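Visitor: please find the sequence and the predicted model below.
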Amino acid sequence: MIRILLATAVIAALVACPASEDAHSTATGAGPVLTLEAAVAGKWRDPANVARDNWRHPLQTLTFFGVNPQQTVIEITPGYGWYAEILAPLLRENGHYIAAVINPESAVKNSAKHYYAKQLNALERKLRAAPSLYGSPEIRLYDEAKPTFGAPASADVVLTFRNVHNWREADSVALMFKGFFDVLKPGGTLGLVEHRANGDVANDDFSGYIGQNQLIAWAGAAGFVLQAASEINANPLDNKDREGGVWRLPPAFSQGSKDRDKYAAIGESDRMTLRFLKP
């Protein structure tokens, strides 16, 4: 495992990053330890990210997962840091935010190396741009073929958002869930949000959706117990009956301007929100 400490010097190009040192001074009146409500309402958040709150419901989702400022939280493949903008400031003083990112050099497909490196670089830039805001979060690189996420029983919460379909396509679901189980403390929480199919999906289904019962079974096979399921991120307008799968919908709009109004009216995908316990 490779640890990238985020206390290093920042290159000049980072100054233009949306989250800046000045953003912290305008955060909230919450004091040195932010509440979850204050972190979600933070003025430092990228306006383009805030615009998606109506579909991602970060306050309700993180509350459902039981996230609090004293925890060690690992976010699995956080992409460009949508949730990192909330979680890193929340955990800055009394907790620890860890972003678990695929090591680009471990990519199973060579075509994915550039994509993983681009996301990693963007996340590093975001978190380095404002150390007084984000504190000292950690980026942990993991091997895509042999995923481990830290010392056994070292995390309170593991979170991942809309990633399970990628692991199913890579045939790595069992490995990923084992890694989550191993790194969590007994009594720890695994929080999952995923695009929800109308039923179980086959191995040749590349729509981006996963069956809810299917996902619960995968987690159960790793030792997790389902604590609760929420409809926080449900969208009944998404009937999943379209070519091109979830990527036809916002924010991807994979067809560009074609039928854009139609897909915008549907909104983002119907999503399951599941909370699991490590016994």
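Guide: Now that the structure is in, tell me what you want to look at. Numbering: from 1, shown residues only.
Visitor: for the nearest residue to L175 once chain neighbours are set aside, give its distance to G244.
Guide: Spatially, and ignoring its direct neighbours in sequence, L175 is nearest to P147 (5.5 Å; Cβ to Cβ, 6 or more residues apart in numbering). No exception for glycine: its C-beta is placed from N, CA and C like everyone else's. In this structure, P147 and G244 are 29 Å apart, going by Cβ to Cβ, to the nearest Å.
Visitor: these two: which is more packed in?
Guide: With neighbours defined as other Cβ atoms under 10 Å, P147 and G244 compare such that P147 has more, 23 against 14.
Visitor: all strands of the stretch 1-150 of the chain, in order?
Guide: If you assign secondary structure with DSSP state E, counting those that start in this stretch, the strands in the stretch 1-150 of the chain sit at 2-5, 72-76, 96-102, 138-142.
Visitor: tell me the buried residues in the longest one?
Guide: If you call a residue buried by 16 or more other Cβ atoms under 10 Å, then strand 96-102 has these buried ones: 96-102.
Visitor: any chance of those in JSON lines, with distance to V193 and pLDDT too?
Guide: Converted to JSON lines, the buried residues of strand 96-102 look like this (distance: Cβ to Cβ, whole Å; pLDDT from 0 to 100):
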{"residue": "H96", "distance to V193": "22", "pLDDT": "98"}
{"residue": "Y97", "distance to V193": "18", "pLDDT": "98"}
{"residue": "I98", "distance to V193": "18", "pLDDT": "98"}
{"residue": "A99", "distance to V193": "16", "pLDDT": "98"}
{"residue": "A100", "distance to V193": "16", "pLDDT": "98"}
{"residue": "V101", "distance to V193": "18", "pLDDT": "98"}
{"residue": "I102", "distance to V193": "19", "pLDDT": "96"}
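Visitor: name the nearest residue to R56, sequence neighbours excluded.
Guide: Nearest non-adjacent residue to R56 (Cβ to Cβ, 6+ apart): N233, at 6.9 Å.
Visitor: let me know whether the one you found touches R271 as I believe.
Guide: Yes - the criterion here is Cβ atoms under 8 Å, and N233 meets it with R271 at 3.8 Å.
Visitor: quick revisit: dump the strands of the stretch 1-150 of the chain into CSV; add distance to D200 as well.
Guide: Converted to CSV, the strands of the stretch 1-150 of the chain look like this (distance: least, Cβ to Cβ, whole Å):
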stretch, distance to D200
strand 2-5, 36
strand 72-76, 23
strand 96-102, 26
strand 138-142, 27
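Visitor: relative to L175, which of those strands is closest?
Guide: Distances from L175 to each of those were compared using Cβ to Cβ; the minimum, 10.3 Å, belongs to strand 138-142.
Visitor: from the middle of its chain, how far away would the closest one be?
Guide: 14 Å (Cα atoms, centre = their mean, to the nearest Å).
Visitor: equivalent analysis for stretch 85-96, please.
Guide: In this view, stretch 85-96 has its centroid 15 Å away from the chain centroid, taken as Cα atoms, centre = their mean.
Visitor: much appreciated, bye for now.
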